[in-house]
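Asks: okay, predicted coordinates and the sequence, questions at the end:
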Amino acid sequence: MRSGETNRRLIVFVFGLTAGYLLANWNSSSPGNRDRSSIYDRQPAVDSLYSHDDDTNHKIPGLTKKYFIDCGANTASSVLLFSETYPGAKDYIIHSFEIDERLRPYFTPFKQDSNLVVHCPEGVAKYEGDQTAYLEGAWYPGKMNANKDMQWGGGTLFVSLEEREAEDGGNRKLSRRVKVPLVDLSQWIQLNTRKEDYVILKLDVEGAEYGILRKMLDDNTFEWIDKLYGEFHEWQPTEFSMEEKEILYDDMATAGVYMLKWAGENRMFEDFDRMHTSLIPQNTPGLEWDVINSCSDRLRRGVTTPVTISIKIGMNAKAARRLVETIRAFRHFVPLTLFVYGDFVEQNPKLVKDWSDIYEIGIRAGSPLPQSYWQLQNDNILRMSIVSAEFRFKRLA
């Protein structure tokens with residue numbers, strides 16, 4: 001990560017991490033068991049599906065717009081994942097559809113930093129009109145959702161008979177019933193994007209995906225789609241029989257339509273590692289807060305050794321500037337490596353650039369966590385944090 005136009009050294013390190021955080025767990029979680037659908041048995045390996053992370057070479061230069069259509073947006077988890085880790089995310093217009101109006105505040109922080117259009121409450125389906133949505137009720141102490149003390153969030157257009165009749169909404173606690181407007185997603189895409197645009201569609205719509213994909217195939221709407229992410233919910237009640245689902249899977253494979261897995265709540269999408277190659281060998285030693293030090297042994301043997309200092313910079317730019325300037329003012333130059341958060345880089349770009357003229361700059365993570373909390377996070381959260389920080393370093397360089 002060296003700039004060819006300056007002498008700044010933005011040498012990226014990862015502070016106190018083993019490469020294990022890159023080994024993501026691709027099991028998507030949900031109420032009940034979300035088994036890997038048989039659709040994936042019909043798909044080629046992910047590396048052969050898309051030859052480039054963001055292949056707009058076949059589009060018309062200067063006329064191409066980029067869209068990320070986020071269906072089943074929930075608490076803006078996919079907006080966060082896409083914005084923080086998808087290459088070129090800032091160039092995309094994001095349309096987020098969510099049926100639960102109570103979740104609208106989660107999108108507010110992203111409107112300032114992205115081209116985000118929020119459709120809430122509004123659902124996607126194979127038709128246009130109003131329909132009853134089954135939404136999760138408020139959390140309360142002792143509430144059990146799918147046999148877990150958890151708040152799932154969001155809702156669905158399709159429920160079982162038990163969930164429809166139960167006062168508490170059944171296993172998923174879908175106790176709120178509201179009428180929501182629906183758009184015919186197939187027609188919406190054709191009316192609001194162009195074939196020359198680059199369009200990424202993400203579908204995580206709790207069973208409505210079967211009707212939507214069927215209609216998109218019938219309408220030839222995949223001529224507008226460049227990349228499809230999402231999740232199939234075979235366990236979810238829908239209007240489709242298993243035989244009809246199998247026919248849909250076959251028709252998708254015949255048409256060359258493939259869906260890569262995406263789970264915003266789990267901070268993963270299927271080709272994440274292909275887009276973000278790890279620079280850390282898997283046998284890299286070290287743990288957070290550990291210092292690998294051989295200086296004392298060398299001194300005992302009478303061997304002189306140069307001194308270098310590593311400093312973990314927090315989020316207080318004033319205190320950090322004071323410390324670094326103090327060290328810099330000493331008569332003898334002391335090599336420093338300053339480990340900074342991605343958030344710090346974004347908030348203090350000039351300061352970090354000035355430091356990089358003299359010192360090495362390393363990555364801590366995307367944002368701070370209390371001491372000892374870092375290693376408690378799951379692999380996908382750690383991976384997203386590092387990649388997000390890398391993106392901000394690259395923009396600085």
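Replies: Now that the structure is in, tell me what you want to look at.

Asks: what sits against N74?
Replies: 98, 103, 153-154, 204, 264-265 (Cβ atoms under 8 Å, 6 or more residues apart in numbering). (C-beta placed from N, C-alpha, C; glycine too.)

Asks: ok, now with 10 Å
Replies: 96, 98-100, 103, 106, 152-155, 204, 264-265 (Cβ atoms under 10 Å, 6 or more residues apart in numbering).

Asks: between these, which is nearest Y359?
Replies: For those, the residue nearest Y359 by Cβ to Cβ is G264; the value is 36.7 Å.

Asks: on that earlier part again, of all the contacts of N74, which two lie farthest apart?
Replies: Farthest pair in the contacts of N74 (Cβ to Cβ) is S96 and W152. Separation: 18.1 Å.

Asks: who has more neighbours out of the two?
Replies: Using other Cβ atoms under 10 Å, the more surrounded residue of S96 and W152 is S96, with 27 against 17.

Asks: from E265, how far out is the most centrally placed residue in the chain?
Replies: Against the mean C-alpha coordinate of the chain, by Cα atoms, centre = their mean, the closest residue is L81 at 2.0 Å. Using Cβ to Cβ, to the nearest Å, L81 is found at 9 Å from E265.

Asks: between these two, what contacts are shared?
Replies: Common neighbours of L81 and E265 (Cβ under 10 Å, 6+ apart) are N380.

Asks: which residues in this structure form strands?
Replies: Assigned by DSSP state E, the chain shows strands spanning 66-71, 92-97, 115-119, 123-125, 129-135, 155-156, 176-184, 198-203, 227-230, 260-263, 268-269, 309-312, 336-340, 360-363.

Asks: among the ones you listed, which comes closest to P141?
Replies: Closest approach to P141 among the strands of the chain (Cβ to Cβ): strand 176-184, 18.8 Å.

Asks: which residues touch the closest one?
Replies: So strand 176-184 is in contact with 71, 97-102, 119-138, 155, 157, 159, 164, 169, 189-192, 208, 212, 215, 219, going by Cβ under 10 Å, 6+ apart.

Asks: if you count neighbours, what's buried in that strand?
Replies: 180, 182-184 (16 or more other Cβ atoms under 10 Å).

Asks: same question for stretch 309-328.
Replies: Those would be 311-313, 320, 324, for stretch 309-328 by 16+ other Cβ under 10 Å.

Asks: quick one: end-to-end distance for that stretch.
Replies: 12 Å (Cα to Cα, to the nearest Å).

Asks: show me how far it is from its chain's centre.
Replies: In terms of Cα atoms, centre = their mean, to the nearest Å, the centre of stretch 309-328 is found 31 Å from the chain centre.

Asks: can you list contacts of that stretch?
Replies: 13, 15-16, 289, 291, 333-341, 343-345, 347-348, 351-352, 354-355, 358-362, 364, 367-368.

Asks: pretty sure the residue nearest to the centre of the chain is touching F272, no?
Replies: Yes: the pair L81 / F272 is scored as a contact, 9.1 Å apart, by Cβ atoms under 10 Å.

Asks: quickly list what's touching both of these two.
Replies: Taking Cβ under 10 Å, 6+ apart as the criterion, L81 and F272 both touch 262, 380, 384.

Asks: neighbour-wise, which of the residues you listed leads?
Replies: W262 (25 neighbours).

Asks: quick one: the closest residue to that one other than its chain neighbours from K245, how far?
Replies: Nearest in space to W262, with sequence neighbours left out and distances taken as Cβ to Cβ, 6 or more residues apart in numbering, is Y229 at 3.7 Å. Separation of Y229 from K245 (Cβ to Cβ) stands at 19 Å.
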